[in-house]
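please find the sequence and the predicted model below.
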Amino acid sequence: MPSSLCEALTNSSISFDYQKEDDWITSGKLGSREAVLVFRTNILNPKIRKTLSEKSSAQVLTDTKDNEEETVQCQEKLEQKESTSSEPSSKDSLSGSTQQKIFLLKKPQQCDKSDKLTFSSPFKKILNRYSSSDTSISSEGEEPASSSENKSRVLKTSQNTINIKLAADLSKESGYESIAPAKSISNTVVSEEDPEVTSEDDNESGTNMPASKLKITYKFHQTETKLLRKLFNVHGLTEVQGENNNFNLLWTGVHMKLDIVRNLAPYQRVNHFPRSYEMTRKDRLYKNIERMQHLRGMKHFDIVPQTFVLPIESRDLVVAHNKHRGPWIVKPAASSRGRGIFIVNSPDQIPQDEQAVVSKYIVDPLCIDGHKCDLRVYVLVTSFDPLIIYLYEEGIVRLATVKYDRHADNLWNPCMHLCNYSINKYHSDYIRSSDAQDEDVGHKWTLSALLRHLKLQSCDTRQLMLNIEDLIIKAVLACAQSIISACRMFVPNGNNCFELYGFDILIDNALKPWLLEINLSPSMGVDSPLDTKVKSCLMADLLTCVGIPAYSPEMRSHYDQKWSRFRSSSCQRQATFPSASQKTKKSKKKGPAINLNLTGEEQRILRNARLQYSRRGGFVRIFPTDDSMQRYGNFLDSANGIPISTPNVQSQTFQTPIIQHNYNQMLHQNLYSKDGRQKQEDNSEADRIWQYERALETDSEIPFVKKPTVEKCEVEGRRLRKVMLKKISNGSELTPFQARQTFSIYLESVLRRLTEDPKDNHEKIILKFLNKFGGSVKPPVMFRNMQNIKVASKARSAMVAKLLGDFLENYKRDTEAYVDSFDHFGMIPSSAYNQFLMHAQESDLEAVLTLHTNVTGIMPFLYNRCGLSVPPTPPIPSGLHGFLRALPSMVSSTGINRELSKYDGYFKSFDKEKIFL
Ligand code: ADP
């Protein structure tokens, strides 16, 4: 450590309780360059958090000892069991003193009858819980699953515990500290989509945590995930906002500005690489992979369905269609969550000039109990040169709500053909598992549950997972070249960037995985305890693995000074490469033997890779592995190790006259050398497969904290409605904000009706409304005419609900711009109006909006500020009722009478008197 750094540390006024500090810092002692923060999910549990802050060191010690004793006992039991098992031993995990991690592995071959029942009757179990009559989606011949059976399954799972893994890989002799990722079952729902956590809970901060004392900060940019915010807060990180770039971690939902990247100090981390849109934009991804298909051979890169980018490749699409008939799936190029996707039988059904990505539709997907499914797996890249890729051990399997039927008549049905949660959640048959242990229940499973399920059916899950790993590596290789050159140009330090990608993978019924897309910033919204468990473990493991340096403010300012001197001389990362004389510099740090032939930069890379691996938690490193050079060496440039995807620039792009390096080769040689002098990494194929298949269990529960919901009082709503109507009749007006609030709550109840009771709805009116006012939310072309969808069905309602849900999301976001904190003369006071909104039913909201429209002659809530001036609206007539009585002919001056005659008859009992007092 440089002496000034030591001084900075010694002068620091921060003093820690070292017992605790060791729990939260790893990879080195506080003050060392390698020390990073530890993130755990168990402190999301308020009880555990309280205990942590109340306990004295002595108590912590005692507890730790107890845990260790317990662990040893369990371990002994397990070892007895394991002696009869052929599973890999716990060799990849050594015990850490104060940290406990419990993985429960339900060994597939040990599954007994009760397990089988659970695995093969995912829906029946839930259906019994919710409705006893509907058997339409239960599986054949299974006994009904009761909640007691559910309990017995959970008990069974506990009995099948065969291993307790107390983490970390590098032995004490090696000098590396081990870190065991703790994983907690969390019933706390912290969601972007369904926020369930109280604000009080959100505000809790870990003031006793080292990160708080070290003043470690994070910054969100164009993103907000409650789960992440909560993790940061309870670990003691504080948020910085606005233009303040004094963050330790920047978490953005979008690609980063290059000037931010250029100026990153060595201790700063950001969650994206520059140019990673090469992977995450559908059109770019397909083009990159196609290039590799041409360059390296189709047989090596046959990992995506055949794809065309329209309109440029319209002709090629037609030629391909004439060779092998459709169907084709049409997706907007830069879209997500199933928005704007539709399936056609032939290219002539795609509107001309549509800007879209069109892929061959995979007609024979893997189905679970007849339902199409696809996978979301989480891939972490911590470096592109050398390439370091991890796959998270647990993923999410998403099932379509309606049973799969490949007949062309059903192609319109998104709840049969698309597995997106954001579509299927609107289907009234959609089932959420209600317990974190229910990994194979309802329409969302875990990856490990799917693997166990497939194994029971004698599928080769080992080969499946190896193929998925291969697909991931090849997709990254195909896009890496351009990202590496951007990193060379803009990223000043090797560790600044990391990225978590959400890979969407479809498995066909021959168990071949197909890459559908790669998501930038995969959603961390959670809708069930299962989601919460997987995603909070994922995020805690991610933050620990990536490593946020545990630097004091003094250490940071030391680096800042050094860094600004460095920046003024060069902003190119290459400038940090050591001179040849540095090659022989001996490292005094403890650890595996250092190869003296390595440059300082190479030693740093190697040491970082090892430390990161020791903190990986549930991440499985899939590149490099012991055979990666054998398998993928041909795709890398022989001189510099860069994956090359452009034919004519091999070995040229990355050569500099000064330094020629091949980090991939260097890393592989040092991690997997067979000469026995160095510790070999142990992520063997068997270890990896075993990790994917085991069930994830954790050591503490987090209570489900529901957002307090105010019970609506119908009588009070009606009373307040009268008050509001009177005020409006007397000349008071709603502010633009109030009008928009009212309209969005009104639309919410229309939406609720659509999903809860699909028979009773205004689907045609909603589609018409979206066509007119939906902005970017437009019904897909083939649905713009409802005649195309002949049968009214739950799926049709779900499709319309999804569109309305998307519109509402945008609408609410726009409404925030109208917030007005003052009460203006002639307007309805906000406190009184909020009271009304709190209790108003759909009919109350409609009454107020109707009267307000008729008095003012306009519907300003339909337009955004930046639009043209609000056009006059014909009055809303009384008597006929519907979705705000079809928004007076969609505010057009023509066809009023024609439109009015088409209203469907919701609110039949709703009479004129009730509307107008
Ligand atoms: P988005 O980014 O909008 O979610 P995806 O590419 O992930 O778009 O596709 C959405 C859904 O459509 C997937 O969940 C999958 O079920 C289905 N899908 C996408 N591409 C194909 C395909 N080529 N063949 C079959 N199904 C597909």
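Cool, the structure landed. Numbering: from 1, shown residues only.

what residues does the stretch 251-400 of the chain have near the ligand?
Near the ligand, the residues belonging to the stretch 251-400 of the chain are 305, 329, 331, 335-339, 341, 359, 361-362, 374 when assessed by Cβ under 6 Å from any ligand atom. To be clear about C-beta, it is placed using only N, CA and C from the backbone, and glycine gets the same treatment.

from those residues, which shows the smallest pLDDT?
Ranked by pLDDT, these bottom out at S335, which scores 70.

list the contacts for that one?
Neighbouring residues of S335 by Cβ atoms under 8 Å, 6 or more residues apart in numbering: I341.

quick check: closest non-adjacent residue to the residue in the stretch 601-750 of the chain positioned nearest to the ligand.
Relative to the ligand, the nearest point of the stretch 601-750 of the chain is Y692 (20.7 Å; Cβ to the nearest ligand atom). Closest residue to Y692 apart from its sequence neighbours, by Cβ to Cβ, 6 or more residues apart in numbering: M465 at 5.1 Å.

buried residues in the helix or strand harbouring that neighbour?
In this structure, M465 sits in helix 461-490 according to DSSP states H and E. Residues of helix 461-490 classed as buried: 461-462, 464-465, 467-490 (neighbour count, 16 or more other Cβ atoms under 10 Å).

roughly how far apart are the nearest residue in space to A333 that is not next to it in sequence and the ligand?
Among residues not flanking A333 along the chain, D283 sits closest, at 4.6 Å (Cβ to Cβ, 6+ apart). According to Cβ to the nearest ligand atom, to the nearest Å, D283 and the ligand sit 12 Å apart.

confirm that D283 sits in a helix.
Yes - the assignment for D283 by DSSP: H, G, I helix; E, B strand; the rest coil puts it in a helix.

just to check, it is in contact with V309?
Yes - under the criterion of Cβ atoms under 8 Å, D283 makes contact with V309 at 4.8 Å.

give me every residue that touches the residue nearest to Q352 when sequence neighbours are not counted.
Closest residue to Q352 apart from its sequence neighbours, by Cβ to Cβ, 6+ apart: P311 at 7.3 Å. Going by Cβ under 8 Å, 6+ apart, P311 touches 352-355.

now do the shared contacts for D283 and V309.
If you check D283 and V309 against Cβ under 8 Å, 6+ apart, the residues they both contact are 333, 357.

would you turn the residues of the stretch 251-400 of the chain next to the ligand into a markdown table with secondary structure and distance to A211?
Compiled in a markdown table, these are given as follows (DSSP: H, G, I helix; E, B strand; the rest coil; distance: Cβ to Cβ, whole Å):
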| residue | secondary structure | distance to A211 |
| --- | --- | --- |
| P305 | coil | 45 |
| I329 | strand | 45 |
| K331 | strand | 41 |
| S335 | coil | 37 |
| S336 | coil | 32 |
| R337 | coil | 33 |
| G338 | coil | 38 |
| R339 | coil | 37 |
| I341 | coil | 42 |
| S359 | strand | 44 |
| Y361 | coil | 48 |
| I362 | coil | 46 |
| D374 | strand | 37 |
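
buried subset of those?
For those, a burial check counting by 16+ other Cβ under 10 Å picks out 305, 329, 331, 336-339, 341, 359, 361-362, 374.

of those, which is the nearest to S276?
Relative to S276, the closest of those is S336; by Cβ to Cβ it sits at 14.9 Å.

pretty sure the closest one contacts S521?
No - using Cβ under 8 Å, S336 is not in contact with S521; the gap is 9.6 Å.

enumerate the residues of this protein near the ligand.
Near the ligand, when you scan the chain using Cβ under 6 Å from any ligand atom, you find 305, 329, 331, 335-339, 341, 359, 361-362, 374, 418-420, 504, 506, 516-517.

got phi/psi on the residue nearest to Q352?
phi -90, psi -10 (degrees, to the nearest 10).

now it: how far from V319?
From P311 across to V319, the span is 15 Å (Cβ to Cβ, to the nearest Å).

quick one on the thing from earlier: any chance of the buried ones among the residues of the stretch 251-400 of the chain next to the ligand in JSON lines, with distance to R604 too?
Putting these into JSON lines (distance: Cβ to Cβ, whole Å) gives the following:
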{"residue": "P305", "distance to R604": "41"}
{"residue": "I329", "distance to R604": "45"}
{"residue": "K331", "distance to R604": "42"}
{"residue": "S336", "distance to R604": "37"}
{"residue": "R337", "distance to R604": "40"}
{"residue": "G338", "distance to R604": "43"}
{"residue": "R339", "distance to R604": "43"}
{"residue": "I341", "distance to R604": "45"}
{"residue": "S359", "distance to R604": "42"}
{"residue": "Y361", "distance to R604": "47"}
{"residue": "I362", "distance to R604": "44"}
{"residue": "D374", "distance to R604": "39"}
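
got a list of what the residue lying closest to L418 once chain neighbours are set aside touches?
Spatial nearest neighbour of L418, excluding adjacent residues (Cβ to Cβ, 6+ apart): G338 at 4.9 Å. With Cβ under 8 Å, 6+ apart as the criterion, the residues that contact G338 are 414, 418, 420, 422-423, 802.

and what of V363?
Taking Cβ under 8 Å, 6+ apart, we find V363 in contact with 327, 406.

how many residues are close by R325?
11 (other Cβ atoms under 10 Å).

just give me the neighbour total for R813.
Neighbours around R813, by other Cβ under 10 Å: 9.

for L720, same thing?
L720, neighbours per other Cβ under 10 Å, totals 21.

report the contact partners of it.
For L720, the contact set (Cβ under 8 Å, 6+ apart) comprises 832, 835-836, 839-840, 844.

so which one among the residues you listed has the lowest pLDDT?
Among the contacts of L720, A832 has the lowest pLDDT, at 80.

please, which helix or strand holds that residue?
Counting by DSSP H and E, A832 is part of helix 830-839.

next secondary structure after that helix?
Assignment by DSSP H and E places the next element after helix 830-839 at helix 842-856.

and K372, what does it touch?
Contact partners of K372, counting by Cβ under 8 Å, 6+ apart, are 365-366, 399-400, 404, 416-417, 419.

would a markdown table of the residues you listed with distance to T544 be doable?
As requested, the contacts of K372 are exported to a markdown table (distance: Cβ to Cβ, whole Å):
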| residue | distance to T544 |
| --- | --- |
| P365 | 35 |
| L366 | 33 |
| L399 | 31 |
| A400 | 35 |
| Y404 | 39 |
| M416 | 40 |
| H417 | 38 |
| C419 | 30 |
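
among those, which one sits closest to E224?
Distances from E224 to the contacts of K372, taken as Cβ to Cβ, are shortest for C419 (25.4 Å).

which residues are in contact with that closest one?
By Cβ under 8 Å, 6+ apart, C419 lies in contact with 372-374, 398-400.

check the gap between it and S523 for me.
Taken as Cβ to Cβ, the span from C419 to S523 is 14 Å.

same question for I289.
In terms of Cβ to Cβ, I289 sits 24 Å off from S523.

name the nearest residue to A475, ignoring sequence neighbours.
L515 (5.6 Å).

shouldn't the one you found be within a strand?
Yes - assessed with three-state DSSP, L515 lies in a strand.

ok, L667 touching A609?
Yes - assessed by Cβ under 8 Å, L667 is found in contact with A609 at 5.9 Å.

look at those two and report which has more neighbours.
Applying other Cβ under 10 Å to L667 and A609 shows that L667 carries more neighbours, namely 25 against 21.

which ones are touching the more buried one?
386, 388, 605-606, 609, 624.

likewise for W328?
317, 321, 343-347, 350, 358-361.

buried ones among those residues?
By 16+ other Cβ under 10 Å, the contacts of W328 give 317, 321, 343-344, 347, 350, 358-361 as buried.
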